[in-house]
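Engineer: Any chance you can model this:
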Amino acid sequence: MRADRRGADLEHASRQLIDDYAGGAVELPADTVWALEAHLEGCAPCRGLLAASVATGAPDLSVLLETVRVGLEPQLVTAPTPQRWRPPWFSAWLTPVMGPWLAMTFAVTAPALLLDRAGLPGPFGGVSPLLLLAPVLPLGAVAASWSSALDPAHELTATTARAGLPLLLRRTTAVLALVLPLLLLEGWLTGAMTAAQWLLPSLAFTSTALALGSFVGVTRAAAALTGGWAVAVLTPAVVAGRAPLVPAPDQLPLWAALLAIGAVAVALRRNAYSTR
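Structural biologist: Numbering: from 1, shown residues only. Next up, the predicted model:
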């Protein structure tokens, strides 16, 4: 375990580190605790040392664990077998709460696709509604993928050793892998927009939402960006028949810069996502 700064070798954690962890030593660095917990997941010998350390160094905790085990064991024996099985990677990449948001994303694009396919004049100043919606379409599902209010298992997930930015990035990647091909297909079917017009803006908005999410939470950041886009672009397009700030090929350097700034901000703030 390379991240151990308290005497771990390359394969196992040191006995001193495990004793300090079992005793609840507050001076242990957060990255060391994270690395130790991740190591314990796959190392049976170190888990054995931890069990022995708890038994000898923290007898009160050992008694508490035994009491909880004795109380729960009869219920676990009689508990019904879960009807649904999910592969081990499911919770790392997806969460059930993302389903309704992805369905809503598809439902929002369907009328826009039909309007474009019909060739009817729309109230958007001659701009495809798909092009107006594409930059912010992934944000709803991205917000849902790491929302404490929407995901009933969020608190449990957020306390695992591998939570935080890695989990958020995996779930964001899963959202983009579902939404972006949909937009690519709809753009090809209608011919109303090219990938160059919407792909970079969509990625830029996503990276900006993640970056702002390290300060205010991903859900709030996504909602604020979606609301800002609606006020600045969608509302004028509907009310006045004009669409300012429509993504265009000549704006690609600006969107690329926004994407890069967001990515750098996420990297610099990577330790803030365990609490957001």
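Engineer: low-scoring stretches of the stretch 51-200 of the chain, by residue?
Structural biologist: 76-97, 117-126, 148-162, 192 (pLDDT under 70).
Engineer: Can you give the distance of stretch 137-149 from its chain's centre?
Structural biologist: How far stretch 137-149 lies from its chain's middle: 7 Å, per Cα atoms, centre = their mean, to the nearest Å.
Engineer: what about the residue sitting furthest away from the middle of the chain, helix or strand, and which?
Structural biologist: Distance from the C-alpha centroid of the chain, by Cα atoms, centre = their mean, peaks at residue 56 (39.5 Å). Using DSSP states H and E, the element containing residue 56 is helix 44-57.
Engineer: which other helices and strands contact that helix?
Structural biologist: Contacts defined by 3 or more Cβ pairs under 8 Å, 6 or more residues apart in numbering; DSSP states H and E place helix 44-57 against helix 15-22, helix 30-42, helix 59-78. In short, each C-beta sits where N, CA and C put it, glycine included.
Engineer: and the last one with helix 15-22, angle?
Structural biologist: The directions of helix 59-78 and helix 15-22 differ by 70 degrees, with axes from the mean of the first three to the mean of the last three Cα atoms, to 10 degrees as the criterion.
Engineer: And helix 59-78, what does it pack against?
Structural biologist: Using 3+ Cβ pairs under 8 Å, 6+ apart: helix 59-78 touches helix 44-57.
Engineer: now swap in the second one and tell me
Structural biologist: In terms of contacts (3+ Cβ pairs under 8 Å, 6+ apart), helix 30-42 is packed against helix 15-22, helix 44-57.
Engineer: Over to the shortest one?
Structural biologist: The elements that helix 15-22 packs onto, with contact taken as 3+ Cβ pairs under 8 Å, 6+ apart, are helix 30-42, helix 44-57.
Engineer: Need these in a markdown table (columns: distance to residue 209).
Structural biologist: Listed next are those as a markdown table, based on distance: least, Cβ to Cβ, whole Å:
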| stretch | distance to residue 209 |
| --- | --- |
| helix 30-42 | 25 |
| helix 44-57 | 38 |
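Engineer: I'd like to check which residues are in contact with residue 264.
Structural biologist: By Cβ atoms under 8 Å, 6 or more residues apart in numbering, no residues touch residue 264.
Engineer: ok, now how distant is it from residue 211?
Structural biologist: Counting by Cβ to Cβ, to the nearest Å, the gap between residue 264 and residue 211 amounts to 8 Å.
Engineer: Settle this for me: residue 104 is touching residue 140, isn't it.
Structural biologist: Yes: with contact defined as Cβ atoms under 8 Å, residue 104 reaches residue 140; the gap is 6.6 Å.
Engineer: Between these two, which is the more surrounded one?
Structural biologist: Set residue 104 next to residue 140 and count neighbours by other Cβ atoms under 10 Å: residue 140 wins out with 22 against 14.
Engineer: What strand or helix carries residue 187?
Structural biologist: Here residue 187 is assigned to helix 165-190, by DSSP H and E.
Engineer: That helix: how far from the chain's middle?
Structural biologist: Computed by Cα atoms, centre = their mean, the separation of helix 165-190 from the middle of its chain amounts to 13 Å.
Engineer: how about the following helix or strand past that helix: buried residues?
Structural biologist: Sequence-wise, the next helix or strand downstream of helix 165-190 (DSSP H and E) is helix 195-216. By neighbour count with 16 or more other Cβ atoms under 10 Å, helix 195-216 contains the buried residues 197-214.
Engineer: ok so, going back, quick one, which of the helices and strands packed on helix 30-42 is nearest to residue 250?
Structural biologist: Of all the helices and strands packed on helix 30-42, helix 15-22 sits nearest to residue 250, with 56.0 Å by Cβ to Cβ.
Engineer: Can I get the closest one in PDB, CA atoms only?
Structural biologist: Taking Å, rounded to 0.1, in the frame of the first residue of the first chain, the C-alpha atoms of helix 15-22 are listed here in PDB:
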ATOM      1  CA  ARG A  15       0.700  -3.000  12.600                       C
ATOM      2  CA  GLN A  16       1.200   0.500  14.000                       C
ATOM      3  CA  LEU A  17      -0.900   2.100  11.400                       C
ATOM      4  CA  ILE A  18      -3.700  -0.500  11.800                       C
ATOM      5  CA  ASP A  19      -3.600   0.000  15.600                       C
ATOM      6  CA  ASP A  20      -3.800   3.800  15.200                       C
ATOM      7  CA  TYR A  21      -6.800   3.400  12.800                       C
ATOM      8  CA  ALA A  22      -8.600   1.000  15.100                       C
END
